[in-house]
Each structure stands twice: as structure tokens, then as C-alpha cells.
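>>> coords please:
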Amino acid sequence: MEEFQRLLEAAIEGNVQKMERLGEVNPDVLCATTEEGNTCLHIASLCGHQDFCSKVLHDAGFASPFRLVSAFQDQQ
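Reported below is the predicted structural model:
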């Protein structure tokens, strides 16, 4: 899960370029969760990184809010 740790660091920093590089190598990492159930989106939003959040939603295929809700409902 080294990729995921680097993604979380990018989320904390608001580093969109780092997130894009990690997502290109492994797109699934964008939806990975911590033990507490947080994604990079949660972390970036808590840190106030709006550009990061918008980009990760787009890159993870959740440009539509309905797809986002559906994906999280499927996980539960």
C-alpha cells in the first residue's frame, strides 16, 4: 500500500500532479480507503484542497454525483 500512502500525502499537500501520476499507474488507488474508511477525497476535503477534490472525482470516474453515491452504496 505504498502507493496509497503517497496518495494520502498528496491529498494532505493538495498536490494534484502527484495524485495524477499515482492514478495513471494504478487508477484503483484513487478509491482506496484507510482503516477508518477515508479516501484521499476525504483527506483533501478536510485540508481544504478543492482543486484536488475536483480532479480526483473526475479522474476516478465520478464526474456525476449520482455515480459517486452509487459507488459508495455498492461498497456497503
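>>> burial measure for the residue nearest to T34 when sequence neighbours are not counted, as a count.
Spatial nearest neighbour of T34, excluding adjacent residues (C-beta to C-beta, 6 or more residues apart in numbering): L8 at 7.4 Å. No exception for glycine: its C-beta is placed from N, CA and C like everyone else's. Neighbourhood size, L8 [other C-beta atoms under 10 Å]: 20.
>>> Next: the one 3 residues further on.
By the criterion of other C-beta under 10 Å, A11 has 26 neighbours.
>>> Show me what the one helix or strand it maps to is packed up against.
A11 is part of helix 2-13 when elements are defined by DSSP states H and E. Counting contacts by 3 or more C-beta pairs under 8 Å, 6 or more residues apart in numbering; DSSP states H and E, helix 2-13 packs against helix 16-25, helix 40-46, helix 50-59.
>>> Buried deepest among these, which one?
helix 40-46 (a mean of 20; mean count of other C-beta atoms under 10 Å).
>>> where are the low-confidence patches of this protein?
1, 62-76 (pLDDT under 70).
>>> Kindly format the C-alpha coordinates of the helix holding A11 as CSV.
Extracted as CSV, the C-alpha positions of helix 2-13 are listed here (Å, rounded to 0.1, in the frame of the first residue of the first chain):
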residue,chain,number,x,y,z
GLU,A,2,2.9,2.3,-0.5
GLU,A,3,1.1,3.9,-3.4
PHE,A,4,-1.9,4.7,-1.1
GLN,A,5,0.4,6.3,1.5
ARG,A,6,1.9,8.5,-1.2
LEU,A,7,-1.6,9.4,-2.4
LEU,A,8,-2.6,10.4,1.1
GLU,A,9,0.4,12.6,1.4
ALA,A,10,-0.6,14.2,-1.9
ALA,A,11,-4.1,14.8,-0.6
ILE,A,12,-2.7,16.5,2.6
GLU,A,13,-0.4,18.7,0.5
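>>> That one relative to helix 50-59, how many degrees between them?
Interaxial angle, helix 2-13 versus helix 50-59 (axes from the mean of the first three to the mean of the last three C-alpha atoms, to 10 degrees): 140 degrees.
>>> Can you tell me what sits against helix 2-13?
The set of residues external to helix 2-13 that reach it, using C-beta atoms under 8 Å, 6 or more residues apart in numbering, is 15-16, 18-19, 22, 25-26, 29-30, 32, 34, 40-41, 43-44, 47, 49, 52, 56.
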